[in-house]
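Engineer: Generate a structure from the sequence data that follows.
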Amino acid sequence: FGARHLPKMDRAGMANTLVEIEMTDPAYTFAGFCAELPRRRTTVKQKTLVPEWDQKLELLVDGGADPSKVGEPVVEIRVRHKAVPGGGSDSLVGRVRIRAAPIALAAARREAWGR
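Structural biologist: Numbering: from 1, shown residues only. As a prediction, the model looks like this:
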């Protein structure tokens, strides 16, 4: 996966970017429904406005959780500019939030077809 049309984030007109994905519903993240750590990160792609990551990021969610009791989980995907050491804090470039239920349903259907 990759990103396009990123803004210039440093004095040289480039960006050092990474992607984070995270479960944002605390009921899922902290009530034992998230099977692994709730956040994943890519490596940092240095000095580019069109980064490509050859990585797979996964968040495993217990499909047996009852959304009526704990709410529907949301996956947040963030693109961040990684500041150089001593250059201040990281900056948010952009983010999107996606309801996790349609993603889980699509994955379950794909798995059922694969059997």
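
Engineer: Helices of the protein, start to end?
Structural biologist: For the chain, applying DSSP state H gives helices covering 26-30, 67-70, 100-114.

Engineer: ranking the ones you listed by mean pLDDT, which is last?
Structural biologist: In terms of mean pLDDT, the lowest-scoring of those is helix 26-30 (a mean of 52).

Engineer: okay, now the residue lying closest to Ala83 once chain neighbours are set aside: neighbour count?
Structural biologist: Closest residue to Ala83 apart from its sequence neighbours, by Cβ to Cβ, 6 or more residues apart in numbering: Asp90 at 5.3 Å. C-beta here means a position set from N, CA and C on the backbone, and glycine is covered the same way. Asp90 has 17 neighbours, counted by other Cβ atoms under 10 Å.

Engineer: State the distance from Asp90 to Met14.
Structural biologist: From Asp90 across to Met14, the span is 15 Å (Cβ to Cβ, to the nearest Å).

Engineer: what's the answer for Val75, then?
Structural biologist: As for Val75, its distance to Met14 is 28 Å (criterion: Cβ to Cβ).

Engineer: For these two, work out which one has more neighbours and name it.
Structural biologist: Higher neighbour count among Val75 and Met14: Val75, with 19 against 15, using other Cβ under 10 Å.

Engineer: Who is that one paired with across the strands?
Structural biologist: Counting by DSSP bridges, Val75 is bridged to Met23, Ile98.

Engineer: show me the contacts for it.
Structural biologist: Taking Cβ atoms under 8 Å, 6 or more residues apart in numbering, we find Val75 in contact with Ile21, Glu22, Met23, Thr24, Leu59, Arg97, Ile98, Arg99, Ala100, Ile103.

Engineer: do you know how far the first one is from Leu57?
Structural biologist: Counting by Cβ to Cβ, the gap between Ile21 and Leu57 amounts to 5 Å.

Engineer: Can you get me a residue count around Arg78?
Structural biologist: Counted with other Cβ under 10 Å, Arg78 comes out at 18.

Engineer: any idea where the strands of the chain begin and end?
Structural biologist: With DSSP state E, the ranges of strands along the chain come out as 17-23, 39-41, 74-81, 91-99.
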